[in-house]
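S.K.: 3D model of this:
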Amino acid sequence: MNMMFKILWFEDEPAWFRMEKLQIEEILKKHCLTSEIERRDGENLNVSELTSNDYDLILMDYKLAQGTTGDTVVAAIRKNDVLTDILFYSSEEKNMLAALSNGMPLVDGVYLTKRDNVVFTEKAEKLISKIVKRSEDIVNLRGFVLDNASDFEVRIKEILNICWHKFNDEQRKRLLNTTIALLERKKSWITKQVETTKSQENIFTYANNADHLLSIADRLDVMQEILPILCLEYDFTKKKEWDNFKDYYVDRINVYRNRLGHLKLGDEKIQIKGKSIEINQDLHRLLRKNIVEVGKTIDEIEKHITLNM
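M.R.: Numbering: from 1, shown residues only. Model prediction:
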């Protein structure tokens, strides 16, 4: 599972759907997940289109419009090897139970509930929690954090490139000085690479795009130089995290990225800044929250330098 929790919802009444959709979105926010909810009704129902397991959950009104019933839809979905968990609901609960027990073969991952605001929401919340918890293991956590951290690193590098091209000579000089200072600190162990870089016509562009010259920590130092320029000279709204963007990023992403990269299957705890943290649902939620927050921050920077410079 990534940050997006996808739901396919078969429901004929738009008003009831909109009301319950708000409840489901709040449930997913508690898990620090973003919702993507697609509604279909009896009129635009074409089960043959469902040929993959792209959804995390299917919610289904048992009795759809135009005489289509939920068990018919489930049978067609399963025929297409879509094995996503399904929650049936109906105001005619007895009829639904009778139809499912008499006319439908036993199917794993099919759950039942009443079409009642409170009862439906409670059942959906329990099922969502079960699905989320099923994906919360060390292998998924490591892949999830490393994938997102790698994406952030690429985007930060591109932010630096865009700012370099859009800044004036004085602003570029500040980035250049920061870059040369970073390179000088590395000189004892990469003397040859440093000298090659400094001989380039455009030192900044060469260093920023080289695979091994600047680490994410180095690029965060350059970001520390860029952000005050954006705030003071390009009308970028100053925020608390701009005061020390490097610490902000490292504390929320990098410390976890580095530790998770060295965990073994079966490890139950992770060491973060001298503290032993249990690998549990709370840690999964914290990291999803951190990634959403940092992602939004990078989005703001990307949007500003693209549209307002």
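
S.K.: where along the chain do the strands fall?
M.R.: Assigned by DSSP state E, the strands in the chain fall at 4-10, 34-40, 57-61, 86-90, 110-114, 269-272, 275-278.

S.K.: Okay, angle between the third one and strand 86-90 too, please.
M.R.: Strand 57-61 and strand 86-90 meet at an angle of 20 degrees, taking axes from the mean of the first three to the mean of the last three Cα atoms, to 10 degrees as the criterion.

S.K.: same check, this time on the first one
M.R.: Interaxial angle of strand 4-10 relative to strand 86-90 (the same axes, to 10 degrees): 40 degrees.

S.K.: can you check the fifth one too?
M.R.: Using the same axes, to 10 degrees, the inter-axis angle of strand 110-114 relative to strand 86-90 is 30 degrees.

S.K.: Tell me where the model's unsure across this structure.
M.R.: 1-2, 42-53, 64-78, 80-82, 92-108, 188-190, 211 (pLDDT under 70).

S.K.: hey, which helix is longest across it?
M.R.: Counting residues, the longest helix found in the chain (DSSP state H) is helix 138-166.

S.K.: buried ones in it?
M.R.: Applying a neighbour-count criterion of 16 or more other Cβ atoms under 10 Å, one finds 138, 141-142, 144-145, 148-149, 152-153, 156-157, 159-160, 162-164 buried in helix 138-166. Bear in mind the C-beta positions are built from the backbone N, C-alpha and C, glycine included.

S.K.: Can you tell me which of those residues is nearest Lys79?
M.R.: Of all the buried residues of helix 138-166, Phe144 has the smallest distance to Lys79: 31.8 Å, by Cβ to Cβ.

S.K.: any idea how far Gly295 is from the closest one?
M.R.: 13 Å (Cβ to Cβ, to the nearest Å).

S.K.: What of Thr191?
M.R.: Per Cβ to Cβ, Thr191 is found 37 Å from Gly295.

S.K.: Between the two, tell me which one has more neighbours.
M.R.: Under the neighbour definition other Cβ atoms under 10 Å, Thr191 and Gly295 were set side by side, and Gly295 has more, 17 against 10.

S.K.: I'd say that one and Asn148 touch.
M.R.: Yes - contact criterion Cβ atoms under 8 Å: Gly295 and Asn148 qualify, at 7.4 Å.

S.K.: which residues are in contact with stretch 132-148?
M.R.: The contact list for stretch 132-148 (Cβ atoms under 8 Å, 6 or more residues apart in numbering) reads 1-3, 5, 31, 33, 253, 256-257, 260-261, 263, 265-267, 279-281, 283-284, 287, 291, 295.

S.K.: Equivalent analysis for stretch 248-259, please.
M.R.: Under Cβ under 8 Å, 6+ apart, the answer for stretch 248-259 is 145-146, 148-149, 152, 216-217, 220, 241, 270-273, 287, 290-291, 293-294, 297.

S.K.: Relative to Leu182, which of the strands of the chain is closest?
M.R.: Per Cβ to Cβ, nearest to Leu182 of the strands of the chain: strand 269-272, 25.8 Å.

S.K.: where exactly do the helices run in the stretch 201-309 of the chain?
M.R.: 203-209, 216-233, 245-249, 255-260, 281-307 (DSSP state H, counting those that start in this stretch).

S.K.: cool, and the stretch 1-150 of the chain?
M.R.: 14-30, 70-79, 93-103, 117-134, 138-166.

S.K.: Measure how far stretch 218-225 is from the centre of its chain, please.
M.R.: 24 Å (Cα atoms, centre = their mean, to the nearest Å).

S.K.: Name the surrounding residues that touch that stretch.
M.R.: For stretch 218-225, contacts defined as Cβ under 8 Å, 6+ apart pick out 153, 156-157, 159-160, 174-175, 178-179, 182, 208, 214, 244-246, 249-250.

S.K.: Turn the buried ones among the contacts of stretch 248-259 into a named ChimeraX selection, would you?
M.R.: Burial among the contacts of stretch 248-259 is assessed by 16+ other Cβ under 10 Å; the matching ChimeraX selection reads:
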select :145,148,149,152,216,220,270,287,290,291,294,297
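
S.K.: For Phe17, find the nearest of the helices of the stretch 201-309 of the chain.
M.R.: helix 281-307 (25.2 Å).
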